[in-house]
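Undergrad: sequence first, then the predicted structure:
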Amino acid sequence: MTPQPSPNPRRSLPAHPTLEALKKQAKRLLAAHKAGDASVCPTLRLLSRYADASDDDILSAGLALNDAQFALALDYGFESWAALKKHVDNVLAIEPFSAVVFGRVTAKDGGRPIEDAEVRVELVGAIDIHHAYSCVRTDADGRYQCDLAWTGADLLSVHYQCRHAACKFHLGGVDEDDRHPSTSKRLRDGDRYELNIELREGYAVELTVQDDQGLPVVEAEVLLYATDGLTGGPFNTDYVTGKGDALLIFPKTDAQGRCRIEGLAADMPDGYQYIAAIEHDDFIYHMVTGIDKLARDGRVARATVPLGRGDSLSGRVLCAETGQPVDAATVLAGRKCDPDEFSDQTWGNGTSKVTTTGSDGRFTLKGLRSRPHHLVVRHPRWTSTRLEAVAVPSDQPLTIRLERGRTITGEVIDCNGQPAAGAEIQVRQVGRSFESFEITTHADPQGRFELGGLPADATLYLAAKDKGSIFIYFGFQSLDVDTDHMVFDARELVEAYGQVIDPASNRPVPIRVCCEALGTFPDGAIHLCQAVAPEADGRFHLLLPANGNIALNLNSADDVFGSPFMNRLGLTMRNGKPDRSLDVMAAVPLTLTVRVLDAKTDRPIARAGVDITTASDNWGLGYTARTDADGRANETRLPPCDVRIDVIAEGYEALREHHIKMPTNEEIVIRLTPKH
């Protein structure tokens, strides 16, 4: 018999409950208790041992996850977590969500049906949580049907891809309308959605990678791009996999050194070309251009690609004070460039190699070009160092000595006065690109930590957070040059309450508010925590440091991209009090209109891709739009910060990272130069 809740539970289950959501709810209850949030006490008093306890007694007592689950089950009117779980399992067995995506795959030229095309469809919810996935092949008439079933969420965005050996690879997301392609089509339970896909003619390329002796190079990674973003990035990988957190996996050469790539466009526009990037730790990075110009045998083009072994660079990393070898130091060799251009962003684009020292401090970098390189050596307990213009090849092995630098120690205490074992400590220092860094370490079982290799003459900014929860942190502090020990004590955090007011009604917005707190400093910030309001009443509550500069980002907890408000609130905490009220008027998201014109004729360019990204690290959001017949693209849901745009149109030179200061009431006119 399916367990039922008692007649008078304190709260009601949603119409479509999921065990995963309830587990997260129990973890949030546990996290709130750990953070000293008194709002959890009424729920925890349902446990017999806390029935008559005060708030202070409950918050100072130990609480395990199974306790939180038991209390949550009682709150929903069930006698145990097992009974609640059984009830949810039975509900899900009876009432799963379902939807159907169906249609035809046809040739763009002529409309003939394409048989045996692979169609992948997945439904994606908030925060890129993947709920349903289906992979099918088309029949003789080009028809397919993806039956999708899921639980726990409604209104899911549709993502899809389509492959066929004789056609260009197609990747897409379904849009509500063509004028605003950043507005995803969302499916509800019971929907049937017709998605017809047109494929352009395509072909395959087979690359055989060999060394300078003509022997096959095995396990070389091959990435295929089209210039100017025609394909939206490397496309010889699957983006729709049903595994939301999976890394993109690119093909590698087999035992014969061969790699076959399907899905290239047969009709590349003038001015565009395919480029293959081939990487291997032991060989020089190589780019093959003009792949689209290769002769084709039917629908296959073939080429042999020679990889040069290049030169190597060897050396040893030692402690400058003791002369002892430094184990596990990271050694990076990058091309000679301007100091401000040199940063972690250069790694992985074919201009660099990386390796790690062994227990004897020795390293060897292979596959380097014969030209000067910069060398960067990093280790968590030594000061990073950079060698300018190191000759490659070198006459003799290098000896690199690392200074210990500044060492700081500290401890982390949770809200119950106990050591915060495993707490994550982030350290930031701001300067030039090479000098800027973020170091992360973790506290030991006694809540203690030690950090070495820090600059001796810089102010540091540190945050201590719970490594397992974005809802819990223990403090945020700055550390001047004269201090070498610090204590993060979560008991010193202070309660802060605020609300978002609708300016039209002068009442709190009827929305669950998501409040993200960041510790700020010159030119940077460290994420501290996220607080999600339990009720849709516009109010929010979180813990803040007693002193320091803080930024709060406020938006809808249920739909960040569709939020009717996006507020950023800067404040300074002094002796436990903010320097301003946390009651704020809802700020309507910013609007940006871009018009794209031909630079020679001033005619509008239709269907140009406009990618909008926030220019502030505090708002990590991105939007995609496409121009209409009049060359206009409009985005109405931007956060309060400057943005950068990339504009791409077929047959035109691309515009990259154009900075726009916001807010603006003016239409931004972009003129693109034709390629010919």
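TA: Received, thanks.

Undergrad: is it true that residue 649 touches residue 605?
TA: Yes - counting by C-beta atoms under 8 Å, residue 605 is a contact partner of residue 649 at 5.0 Å. Glycine gets a C-beta too; all of them are placed from N, C-alpha and C.

Undergrad: so what's in contact with these two at the same time?
TA: 596, 672 (C-beta atoms under 8 Å, 6 or more residues apart in numbering).

Undergrad: residue contacts, the closest residue to residue 543 other than its chain neighbours?
TA: Of all residues not flanking residue 543 in the chain, residue 493 sits nearest, at 4.0 Å (C-beta to C-beta, 6 or more residues apart in numbering). By C-beta under 8 Å, 6+ apart, residue 493 lies in contact with 36, 415, 474, 475, 543, 544, 545, 546.

Undergrad: now do 10 Å
TA: Counting by C-beta atoms under 10 Å, 6 or more residues apart in numbering, residue 493 makes contact with 35-36, 415, 473-476, 528-529, 542-546, 573, 576.

Undergrad: one more: residue 584?
TA: Going by C-beta under 10 Å, 6+ apart, residue 584 touches 498, 499, 500, 501, 538, 540, 552, 554, 565, 567, 568, 569.

Undergrad: mind checking how far stretch 456-472 is from the chain centre?
TA: Put simply, stretch 456-472 sits 20 Å off its chain's centre (C-alpha atoms, centre = their mean, to the nearest Å).

Undergrad: quick one: buried residues of that stretch?
TA: Residues 460, 461, 462, 463, 464, 465, 466, 469, 471, 472 are the ones in stretch 456-472 that count as buried (16 or more other C-beta atoms under 10 Å).

Undergrad: dump the C-alpha coordinates for the host helix or strand of the fifth one into PDB.
TA: In this case it means residue 464. Secondary structure assigned from DSSP states H and E places residue 464 in strand 460-465. Extracted in PDB, the C-alpha atoms of strand 460-465 (Å, rounded to 0.1, in the frame of the first residue of the first chain):
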ATOM      1  CA  LEU A 460      45.500  39.600  -0.300                       C
ATOM      2  CA  TYR A 461      41.800  38.900  -0.300                       C
ATOM      3  CA  LEU A 462      40.600  35.600   1.100                       C
ATOM      4  CA  ALA A 463      37.300  33.800   1.400                       C
ATOM      5  CA  ALA A 464      36.600  30.600   3.300                       C
ATOM      6  CA  LYS A 465      33.700  28.500   2.000                       C
END
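
Undergrad: and residue 613, how many neighbours?
TA: Close neighbours of residue 613, defined as other C-beta atoms under 10 Å, add up to 16.

Undergrad: for residue 630, which non-adjacent residue is closest in space?
TA: Leaving aside its sequence neighbours, residue 630 sits nearest to residue 604 (C-beta to C-beta, 6+ apart; 5.1 Å).

Undergrad: adjacent strands (with direction) for the strand holding residue 464?
TA: According to DSSP bridges, strand 460-465 forms sheet pairs with strand 424-429 (antiparallel), strand 473-479 (antiparallel).

Undergrad: nearest to residue 614, of the ones you listed?
TA: strand 424-429 (19.5 Å; C-beta to C-beta).

Undergrad: the closest one: how far from the chain's middle?
TA: Offset of strand 424-429 from its chain centre (C-alpha atoms, centre = their mean): 19 Å.

Undergrad: please shift the residue numbers so they start at 20 in all later answers.
TA: Done: numbering now begins at 20, and the last item shifts to strand 443-448.

Undergrad: returning to what we had before: lowest-confidence entry in the buried residues of stretch 475-491?
TA: Ranked by pLDDT, the buried residues of stretch 475-491 bottom out at residue 488 (76).

Undergrad: give the next helix or strand downstream of the lowest-mean-pLDDT helix or strand in the chain.
TA: Ranking every helix and strand in the chain by mean pLDDT, DSSP states H and E puts helix 100-113 at the bottom, with a mean of 71. The C-terminal neighbour of helix 100-113 among helices and strands, as given by DSSP H and E, is strand 116-126.

Undergrad: could you list the buried residues of that following strand?
TA: Buried, per 16+ other C-beta under 10 Å, within strand 116-126: 116, 118, 119, 120, 121, 122, 123, 124, 125, 126.

Undergrad: sort out which one of those lies nearest residue 384 for me.
TA: residue 124 (47.2 Å).

Undergrad: ok, the closest one - contacts?
TA: Contacts of residue 124 were listed using C-beta under 10 Å, 6+ apart, and they are 132-138, 156-158, 160-163, 181, 183, 186, 189, 214-218.

Undergrad: can you rerun that using 7 Å?
TA: Counting by C-beta atoms under 7 Å, 6 or more residues apart in numbering, residue 124 makes contact with 133, 136, 138, 157, 161, 163, 181, 216, 218.

Undergrad: pick out the most distant pair among those.
TA: Across these, the two lying at the largest distance from each other (C-beta to C-beta) are 163 and 218, at 12.6 Å.

Undergrad: what about the helices in this structure?
TA: Secondary structure of the chain (DSSP state H): helices located at 38-53, 60-63, 74-79, 84-94, 100-113.

Undergrad: using CSV, write out every CA atom in the shortest one.
TA: So the one you mean is helix 60-63. Extracted C-alpha coordinates of helix 60-63, given in CSV (Å, rounded to 0.1, in the frame of the first residue of the first chain):
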residue,chain,number,x,y,z
CYS,A,60,13.9,25.5,13.9
PRO,A,61,10.1,24.9,13.4
THR,A,62,10.8,22.0,11.1
LEU,A,63,13.5,20.5,13.4
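
Undergrad: which strands or helices does that helix pack on?
TA: Contact partners of helix 60-63 among helices and strands, from 3 or more C-beta pairs under 7 Å, 6 or more residues apart in numbering; DSSP states H and E: helix 74-79, helix 84-94.

Undergrad: if we go to 8 Å?
TA: Applying 3 or more C-beta pairs under 8 Å, 6 or more residues apart in numbering; DSSP states H and E, we find helix 60-63 packed against helix 38-53, helix 74-79, helix 84-94.

Undergrad: before we move on, what about the longest one?
TA: In terms of contacts (3+ C-beta pairs under 8 Å, 6+ apart), helix 38-53 is packed against helix 60-63, helix 84-94, helix 100-113.

Undergrad: dump those to CSV, plus mean neighbour count and distance to residue 319.
TA: Listed next are the helices and strands packed on helix 38-53 as CSV, based on neighbours: other C-beta atoms under 10 Å; distance: least, C-beta to C-beta, whole Å:
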stretch, mean neighbour count, distance to residue 319
helix 60-63, 19, 64
helix 84-94, 20, 56
helix 100-113, 16, 48
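
Undergrad: so which of those helices comes closest to residue 74?
TA: Taking the helices and strands packed on helix 38-53 one by one with C-beta to C-beta, helix 60-63 is closest: 4.8 Å.

Undergrad: contacts for the closest one next, please.
TA: 29, 48, 52, 69, 74, 77-78, 82, 86, 90-91, 93-94.

Undergrad: change it to 10 Å
TA: Outside helix 60-63, the residues within contact range by C-beta under 10 Å, 6+ apart are 29-30, 48, 51-52, 69-70, 72-78, 80, 82, 86-87, 89-91, 93-94.

Undergrad: thinking again about what came up before, would you format the buried residues of stretch 475-491 as TSV with distance to residue 311 included?
TA: Shown next, in TSV, are these (distance: C-beta to C-beta, whole Å):
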residue	distance to residue 311
479	51
480	49
481	52
482	49
483	53
484	49
485	51
488	50
490	51
491	53
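
Undergrad: looking at the residues you listed, which one is closest to residue 465?
TA: Closest to residue 465, out of all of those and judged by C-beta to C-beta, is residue 483, at 14.1 Å.
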